[in-house]
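Chemist: everything below, folded, please.
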Amino acid sequence: MTDPTPEKDHATAHDSVTEDRHSSNGEDYDRVERPKGWKYQKHRLGPFTIPCYASPPFQLTLVAFVCFLCPGMFNAVNGLGGAGQESPKTADNANVAVYATLSVVGFFAGTMANRLGIKLTLSLGGLGYLLYISSYLSYNHNKNSGFVIFSGVVLGVCAGMLWAAQGAIMMSYPPEHSKGRYISWFWMIFNLGAVIGGLYDSRKVEECQNLHSTAGKVNDGTYIGFMVLTLVGACLAWTLVDARNVMRSDGSHVILMKHPSWQSEIMGLWEVLQSDVWIIFLFPMFFASNWFYTYQFNSFNAAKFNIRTRSLNSVLYYVSQIIGAYVFGYALDVKSVRRSMRAKIVWGVLFVITFAIWGGGYAWQKTYTRAETSKKTYVKEDFTDSGYVGPMFLYMFYGFYDAAWQTCVYWYMGALTNNGRKLANFAGFYKGIQSAGAAIVFRIDALGTPFMNELASSWALLAGALLIAAPLIFTKIPDTVPIDTDLVFTDETYEDVKPLEPAVAPEVHEKV
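Modeler: Residues are numbered from 1 along each chain as shown. Prediction:
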């Protein structure tokens, strides 16, 4: 991530304050000297202590709300199936454009984020979501699918930038022992955007107005509401502080480049692949992580249910994501178990639920086909119909599984390094490869592939990705990464990033 000015704001004897910080968000605070100024002042709200503005929890919360308002609204639209249109074909083709572009741009997006800085990168990313949603408003009137596809290309560029910056912040700002919780906080707030998109009233945004409608597509008010929210999200990115000013609870700073240039960041992309070659064992997990969305949103939700039931399903899906992120995020930070052991245990849990949930999906998929649901005379199911409860819970488990998968992938990447510059590149790799898979499967769906084939491919990719990732997870996840190792990939020194005071030695707990 970019540092616009070369020096960090370090505390000195004449410009600092000493804080006796207490935990209000799961962190352990020590007495540290902090720079004066509003960015470094904590506040109390009754029994709660609000972290200072330039702290990792506060900054991550802001980033989460940017994603809540931008990608979160994108998810709410696509979660309806076919982006709320009667036929998913245009949305499929637009999403092919999004993910095909993102698959290329995303791979280099970490370089952009490192050079341009988080505020500009996130804001430009948010504007892409505004254009994308506006194209469906246009489509409601002129059926111009070309504009929708063009907006998908633009969004592919913008989304790559946004997610690279977001990933770097989420993985590099928190201390090592809290990364799971930080990831879960982000994922819960982010998915709350899609939940709100499903519950807000009819004059604002999404599905509540549609719970009273049996129509096959959403109206203009839905899209206009989303456009307003994505614009607010793009503007919110400018409220972040520069990465150089972020200070952790022990007074340490984020490790990044003080003097980034386009040349240094392009070269850094290849240096990461050389120094951390084991990251390629996670690439199949990246590839599989969005593959199943097409099946879930279009082949499951859009194919079987009318618009108001799709709206309800979408809300339940993202509520389940919030639950999944909480469960896995906090489990990943259990202090009584070594981090290397946690990595292995969570891998095993993922493997088991992959077969449990997708096995249930296979049983459900045997009850209908694409040919059956494609007939003009086919009557889509409603949540008032008998037999709805079973697929409702299955869709909720799909949402839970998605959050578990994404949380674990981010945690595995964050466990390999604490270097912000390197993690921006990791996040770029993740989104690029993830999007390549999504582009392929959206095109497969647009070609009319049988639903059962889409389910089978999703299940096989997820299980296979876990097997391929096993060597890295079982042998390369350390219990901690020394600061000297993290500094190798930057132009910073220990003096630039060290804690302001040595941390109080933690109590010794016997670990597994």
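
Chemist: what is the neighbour count of Leu316?
Modeler: By other Cβ atoms under 10 Å, the residues close to Leu316 number 18. C-beta coordinates here come from the backbone N, C-alpha and C atoms, glycine included.

Chemist: so how far is Leu130 from the residue positioned nearest the centre of the chain?
Modeler: What sits nearest the mean C-alpha location of the chain, by Cα atoms, centre = their mean, is Trp187, with 6.2 Å. Taking Cβ to Cβ, to the nearest Å as the measure, Trp187 falls 23 Å from Leu130.

Chemist: ok, now which ones touch the nearest residue to Pro478 once chain neighbours are set aside?
Modeler: Among residues not flanking Pro478 along the chain, Ser340 sits closest, at 6.5 Å (Cβ to Cβ, 6 or more residues apart in numbering). For Ser340, the contact set (Cβ atoms under 8 Å, 6 or more residues apart in numbering) comprises Ile477, Pro478, Asp479.

Chemist: output those as TSV; include the columns distance to Thr373.
Modeler: Shown next, in TSV, are those (distance: Cβ to Cβ, whole Å):
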residue	distance to Thr373
Ile477	43
Pro478	49
Asp479	50
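
Chemist: was I right about Thr90 contacting Ser145?
Modeler: Yes: between Thr90 and Ser145 there is a contact under Cβ atoms under 8 Å: 4.7 Å.

Chemist: the more surrounded of the two?
Modeler: Set Thr90 next to Ser145 and count neighbours by other Cβ under 10 Å: Thr90 wins out with 23 against 15.

Chemist: got the buried residues for stretch 467-479?
Modeler: Ile468, Ala469, Leu472, Ile473, Lys476, Ile477 (16 or more other Cβ atoms under 10 Å).

Chemist: once you drop chain neighbours, what's closest to the fifth one?
Modeler: Meaning Lys476. Trp278 (5.1 Å).

Chemist: related to what we said a few turns ago, and the residue nearest to Pro478, what element?
Modeler: helix 339-365 (DSSP states H and E).

Chemist: show me where the stretch 351-500 of the chain has helices.
Modeler: For the stretch 351-500 of the chain, the helices defined by DSSP state H, counting those that start in this stretch cover 370-373, 389-416, 420-446, 451-475, 483-487, 494-497.

Chemist: just so I know, which of the ones you listed lies nearest Val319?
Modeler: When the helices of the stretch 351-500 of the chain are ranked by distance to Val319, counting by Cβ to Cβ, first place goes to helix 389-416 at 7.3 Å.

Chemist: give the buried residues for the closest one.
Modeler: Neighbour counts over helix 389-416 (16+ other Cβ under 10 Å) mark 391-392, 394-416 as buried.

Chemist: repeat that for stretch 40-56.
Modeler: Under 16+ other Cβ under 10 Å, the buried positions of stretch 40-56 are Tyr40, Lys42, Thr49, Pro51, Cys52, Tyr53, Ala54, Ser55, Pro56.

Chemist: can I get it in CSV, CA atoms only?
Modeler: Extracted as CSV, the C-alpha positions of stretch 40-56 are listed here (Å, rounded to 0.1, in the frame of the first residue of the first chain):
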residue,chain,number,x,y,z
TYR,A,40,-5.1,8.8,18.2
GLN,A,41,-7.7,9.7,20.9
LYS,A,42,-9.9,7.0,22.2
HIS,A,43,-13.4,7.7,23.5
ARG,A,44,-15.8,6.1,25.9
LEU,A,45,-19.5,5.4,25.3
GLY,A,46,-20.9,4.3,28.6
PRO,A,47,-19.1,1.0,29.5
PHE,A,48,-17.5,0.7,26.1
THR,A,49,-14.2,2.1,24.8
ILE,A,50,-14.2,3.2,21.1
PRO,A,51,-10.8,2.6,19.5
CYS,A,52,-9.0,5.6,18.2
TYR,A,53,-9.7,6.6,14.6
ALA,A,54,-6.3,5.5,13.3
SER,A,55,-6.5,2.1,15.0
PRO,A,56,-6.9,-1.1,12.9
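
Chemist: quick one: average pLDDT of it?
Modeler: The pLDDT scores in stretch 40-56 average 81.

Chemist: pLDDT score assigned to Glu372?
Modeler: Note on Glu372: pLDDT of 90.

Chemist: next: Ser138.
Modeler: pLDDT, read off for Ser138, is 82.

Chemist: that one and Tyr53, how far apart?
Modeler: For Ser138 relative to Tyr53 (Cβ to Cβ), the value is 39 Å.

Chemist: confirm Met257 sits in a strand?
Modeler: No: read with DSSP: H, G, I helix; E, B strand; the rest coil, Met257 is coil and lies in no strand.

Chemist: if we can go back for a sec, could you give the angle of the helix holding Ser340 to helix 389-416?
Modeler: Relative orientation of helix 339-365 versus helix 389-416 (axes from the mean of the first three to the mean of the last three Cα atoms, to 10 degrees): 160 degrees.
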